[in-house]
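Novice: This is a predicted model, with the sequence first.
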Protein chains: 2
Amino acid sequence: MTEARPTLRERKKQATREALRSAALRLALERGPANVRVDDIAEAAGVSPRTYNNYFSSREEAIVAAVMAERASRVAAAVAARPADVGLADAVVDAVVEQYTDPGDDARDALLMIMTSPALRACYVDTVAAVEGPLADAIAARCPGIDRLTAEALAAGVGAAAKVAVRGWLGSTTQSASMPGFVVASGSLPALLRSSLTALVPALDAAGR
Amino acid sequence: MTEARPTLRERKKQATREALRSAALRLALERGPANVRVDDIAEAAGVSPRTYNNYFSSREEAIVAAVMAERASRVAAAVAARPADVGLADAVVDAVVEQYTDPGDDARDALLMIMTSPALRACYVDTVAAVEGPLADAIAARCPGIDRLTAEALAAGVGAAAKVAVRGWLGSTTQSASMPGFVVASGSLPALLRSSLTALVPALDAAGR
DNA sequence: CCGAATTTTTGCGTGCACGCAAGTTTGCGC
DNA sequence: GCGCAAACTTGCGTGCACGCAAAAATTCGG
């Protein structure tokens, strides 16, 4: 065992978190997201309702977390893993697209459910924002002399462009009141992501040197 | 009168909205934001508590709205107003900085209060996001042949960079749990905004042609 | 000016987020 | 093992957001 096993307390915490995540996802898929109360999730996971909110700060968060677990850190890792001789722009764009190109592990229908429910969608785009921190680190690591603020601005820009692509993917309606819950797939998500991120390539190139 | 007076109904709606805004701001400044319930705001504005939520979807929103009213559209207008022979990058950067350089109308202490309260800060950065729509329009108007998705990606990037600058301005802590409510001014906001936006200038330049 | 259609306000009920103060479990040095 | 300190869980109370349907206000055609 190369990994020192984390303390009992830590393992229990992760177990509880996982139990809540999967219970939330399962119930949401069975009954539809509107028919799941946090009390139900808590009961299914064997903890008190109050405890649920010690782990997740909204009803939607657990459901989305079940699908998006660790995607944020994987983007950063993917950027770091790119060979040093490819430009920053290519490294970042490819890494981001890669993570969204194959969501299809076993979460196909979960993704569809998330895209269908406005509340879940909102929570999902917040998840996209979570890549910004790790991504900023990865960018900074790749560009030795770079300003910290610049790295964060670029990472935030990438996150924002990704959000735009996702919103565009769902149809043209931003999140306005027009036809909520109406989903139109207008092109493939990877292609949209690439288009959207292309706008930022010059900025990434400039920073990469 | 060049403007046809809007219907009575419309005028009343705006009056109610304004009454809620100013009541919220006044009470928050008097008692501190934590000691204002939405019931208080509603009562001060002479409407039912339920009506408050027909106008604002969170307790913080009215307070922030009182300060930020119409700033979003002003940024877009400022971009549109720049002479056509200045580059897109300069037009956008100057317009954004301009709007945040002089918040000092009479809202100095209101801004300080917003920066001091975590919940209000969060709502404030959401407000920054509201510039993105109008800004995308302005960018699209300035660059005739530009792709719509590209314009939105750029606008979102600008918004994101502005958010980073604002966060950085409040001290290095993002919105983490470390010392909430502790404010450190680490440079002037306009300077930070300029630095942050500089990272995106190459992208704007590339799109401007 | 009158009544029907539309919009806004309001009260009510439900579910949710979270601070607080016990109660309970785990970690750790002895 | 023992016991104390730290961390986690739980119940409770408060305030908040919002769907729904009844009531009040506004508009508009005649």
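Specialist: Now that the structure is in, tell me what you want to look at.
Novice: If you count neighbours, what's buried in the host helix or strand of A:G159?
Specialist: Taking DSSP states H and E as the definition, A:G159 sits inside helix A:148-169. Judged by neighbour count using 16 or more other Cβ atoms under 10 Å in any protein chain shown, the buried positions of helix A:148-169 are A:149-169. Placement of C-beta: from N, CA and C, glycine included.
Novice: now stretch A:201-209
Specialist: Across stretch A:201-209, burial judged by 16+ other Cβ under 10 Å covers A:V201, A:P202, A:A203, A:L204, A:D205, A:A206, A:A207, A:G208.
Novice: Can I get the residues you listed in JSON lines including secondary structure, pLDDT and distance to B:N53?
Specialist: Output for the buried residues of stretch A:201-209, formatted as JSON lines (DSSP: H, G, I helix; E, B strand; the rest coil; pLDDT from 0 to 100; distance: Cβ to Cβ, whole Å):
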{"residue": "A:V201", "secondary structure": "helix", "pLDDT": "96", "distance to B:N53": "43"}
{"residue": "A:P202", "secondary structure": "helix", "pLDDT": "96", "distance to B:N53": "44"}
{"residue": "A:A203", "secondary structure": "helix", "pLDDT": "96", "distance to B:N53": "40"}
{"residue": "A:L204", "secondary structure": "helix", "pLDDT": "95", "distance to B:N53": "42"}
{"residue": "A:D205", "secondary structure": "helix", "pLDDT": "94", "distance to B:N53": "47"}
{"residue": "A:A206", "secondary structure": "helix", "pLDDT": "94", "distance to B:N53": "46"}
{"residue": "A:A207", "secondary structure": "helix", "pLDDT": "92", "distance to B:N53": "44"}
{"residue": "A:G208", "secondary structure": "coil", "pLDDT": "85", "distance to B:N53": "47"}
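Novice: Now distance to A:D85 too, for those residues, in JSON lines please.
Specialist: Listed next are these as JSON lines, based on distance: Cβ to Cβ, whole Å:
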{"residue": "A:V201", "distance to A:D85": "17"}
{"residue": "A:P202", "distance to A:D85": "20"}
{"residue": "A:A203", "distance to A:D85": "20"}
{"residue": "A:L204", "distance to A:D85": "15"}
{"residue": "A:D205", "distance to A:D85": "14"}
{"residue": "A:A206", "distance to A:D85": "18"}
{"residue": "A:A207", "distance to A:D85": "16"}
{"residue": "A:G208", "distance to A:D85": "11"}
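Novice: residue contacts, A:P190?
Specialist: A:V97, A:Y100, A:T101 (Cβ atoms under 8 Å, 6 or more residues apart in numbering or on different chains).
Novice: what's the closest non-adjacent residue to the last one?
Specialist: The one in question is A:T101. By the measure of Cβ to Cβ, 6 or more residues apart in numbering or on different chains, the closest residue to A:T101 outside its immediate chain neighbours is A:P190, 4.7 Å from it.
Novice: Spell out which residues belonging to chain A are near chain B, please.
Specialist: Within reach of chain B by Cβ under 8 Å from any Cβ of the partner chain, chain A has these residues: A:133, A:147, A:149-150, A:152-154, A:156-157, A:159-161, A:163-165, A:168, A:174, A:192, A:195-203, A:205-207.
Novice: among the residues you listed, which are within reach of DNA strand D?
Specialist: When contact is defined as Cβ under 7 Å from any atom of the strand, the residues of chain A next to chain B do not meet DNA strand D at all.
Novice: ok, residues contacting the lengthiest helix in chain A?
Specialist: When chain A is parsed with DSSP state H, its longest helix is helix A:8-31. For helix A:8-31, the surrounding residues in contact (Cβ under 8 Å, 6+ apart) are A:5, A:36, A:40-42, A:44-47, A:51-52, A:55-56, A:62-63, A:65-67, A:69, A:109-110, A:113.
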